[in-house]
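Participant: just need the structure, nothing else, for what follows:
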Amino acid sequence: MPAVSKKILKEVRSLRQKKFRDEKQAYFAEGIAIVISALENKAPVRYVIYSPELLKSEAAYRALSEVQDRIPCYEAGAQSFQSVSGRDNPVGIGAVVSYHDISPESPGLLACRTFVALDSVRSPGNLGTVIRTADCLGFGVLICGESTDQYHPECMRASMGALYTVPIARFNAAGALRQWCGKHGVSIVTTSSKAKDDITQVSAYPRPVAVLLGSEGTGLSHDVLESGELQVRIPMYGASTSFNLAVAAGILMYDIVTKPEVQG
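Facilitator: Next up is the predicted model:
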């Protein structure tokens, strides 16, 4: 396979910054599980960089052999790969992937019966963990407001490749998301530590349904909270006053999928 050029290395390094990701409409996906997921799920991969000195995964080499005829694959020395890596101990493989945003009207998203919705979530690590959990539990993901970038390196790392298997749609604001839910008959469940009902008192949830969580610092605004057909809280039994956002999202998603649909 051809050696990676300085021009490509420069491009990959630039993708650490959102302004360059947006300019090039691409991002750098790094890691064995993430790259394999991108290739297996036919993500719009522009090219792959790998370092034989660092990469020891047989599964990764098998994946490369299957795509090298249609996707450019470049060899890099260990030092060159480390210069573009965002990890302390890089495993030696990454891919530059074109943005793959989907429309809120896409069939894949509309086929979902359960959604997790995030309003103005700032932590890319939290977003990635929510996306990974959504994949595990069969949820679509709806992102709105001034939320972080799902193509941020920390989000990519936390999602563990789920970015390629979960339908994810973005909305400019919570109002647009609520309109979409209304149009498609999706009930909204809002969350707050001050909500009257805790989830242990909820015996069933409507379908289709979206559970909506707010930012890590301020949660949902009063207007958005009140828009929920059901408003719930997660009971807490210790000294802490709140859950980590991704943990709360996981608890709520699991509660929804393990309880029956509202009848009648």
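Participant: show me where the stretch 1-150 of the chain has strands.
Facilitator: Here the stretch 1-150 of the chain has its strands, by DSSP state E, counting those that start in this stretch, at 26-30, 45-50, 73-75, 93-98, 114-119, 140-144.
Participant: mind putting these in CSV, mean neighbour count included?
Facilitator: Backbone N, C-alpha and C define where each C-beta goes, glycine included. Below are the strands of the stretch 1-150 of the chain laid out as CSV (neighbours: other CB atoms under 10 Å):
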stretch, mean neighbour count
strand 26-30, 24
strand 45-50, 21
strand 73-75, 17
strand 93-98, 23
strand 114-119, 25
strand 140-144, 24
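Participant: out of those strands, which comes closest to Leu252?
Facilitator: With CB to CB as the measure, strand 114-119 is the member of the strands of the stretch 1-150 of the chain nearest Leu252 (7.6 Å).
Participant: alpha carbons of that closest one, as CSV, please.
Facilitator: Provided in CSV are the C-alpha atoms of strand 114-119 (Å, rounded to 0.1, in the frame of the first residue of the first chain):
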residue,chain,number,x,y,z
THR,A,114,-38.1,4.9,20.8
PHE,A,115,-35.9,8.0,20.8
VAL,A,116,-33.5,9.7,23.2
ALA,A,117,-33.5,13.5,22.6
LEU,A,118,-30.7,15.8,23.9
ASP,A,119,-31.1,19.6,24.2
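Participant: so what touches that strand?
Facilitator: For strand 114-119, contacts defined as CB atoms under 8 Å, 6 or more residues apart in numbering pick out 127, 130, 133-134, 137-145, 147, 174, 177, 186, 188, 207-215, 220, 224, 249, 252-253, 256-257.
Participant: of those residues, keep whichever come out buried.
Facilitator: 127, 130, 133-134, 137, 139-145, 147, 174, 177, 186, 188, 208-215, 220, 224, 249, 252-253, 256 (16 or more other CB atoms under 10 Å).
Participant: which stretches of the stretch 151-264 of the chain have low pLDDT?
Facilitator: Residue ranges of the stretch 151-264 of the chain with pLDDT under 70: 264.
Participant: where do the strands of it begin and end?
Facilitator: For the stretch 151-264 of the chain, the strands defined by DSSP E, counting those that start in this stretch occupy 168-171, 187-191, 197-198, 209-213, 230-233.
Participant: just those strands: most buried one?
Facilitator: Most buried of those by mean neighbour count (mean count of other CB atoms under 10 Å) is strand 209-213; its value is a mean of 24.
Participant: about what we covered before: for Ala3, find the nearest of the strands of the stretch 1-150 of the chain.
Facilitator: Closest of the strands of the stretch 1-150 of the chain to Ala3 is strand 73-75, at 5.4 Å (criterion: CB to CB).
Participant: who are the packing partners of the closest one?
Facilitator: Packing partners of strand 73-75 (3 or more CB pairs under 8 Å, 6 or more residues apart in numbering; DSSP states H and E): strand 45-50.
Participant: hmm, who's touching the strand it packs on?
Facilitator: 4, 8, 12, 26, 35, 38-39, 60, 64, 67, 71-76, 81, 84, 92-98.
Participant: do that again at 6 Å, thanks
Facilitator: With contacts defined as CB atoms under 6 Å, 6 or more residues apart in numbering, strand 45-50 is touched by 4, 38, 71-74, 76, 92-97.
Participant: how about these in CSV, adding pLDDT?
Facilitator: Shown next, in CSV, are these (pLDDT from 0 to 100):
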residue, pLDDT
Val4, 97
Ala38, 97
Ile71, 98
Pro72, 98
Cys73, 98
Tyr74, 98
Ala76, 98
Gly92, 98
Ile93, 98
Gly94, 98
Ala95, 98
Val96, 99
Val97, 99
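Participant: make JSON lines from the residues you listed and add distance to Pro153 to it.
Facilitator: Shown next, in JSON lines, are the contacts of strand 45-50 (distance: CB to CB, whole Å):
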{"residue": "Val4", "distance to Pro153": "19"}
{"residue": "Ala38", "distance to Pro153": "14"}
{"residue": "Ile71", "distance to Pro153": "21"}
{"residue": "Pro72", "distance to Pro153": "21"}
{"residue": "Cys73", "distance to Pro153": "21"}
{"residue": "Tyr74", "distance to Pro153": "19"}
{"residue": "Ala76", "distance to Pro153": "18"}
{"residue": "Gly92", "distance to Pro153": "16"}
{"residue": "Ile93", "distance to Pro153": "14"}
{"residue": "Gly94", "distance to Pro153": "10"}
{"residue": "Ala95", "distance to Pro153": "13"}
{"residue": "Val96", "distance to Pro153": "12"}
{"residue": "Val97", "distance to Pro153": "12"}
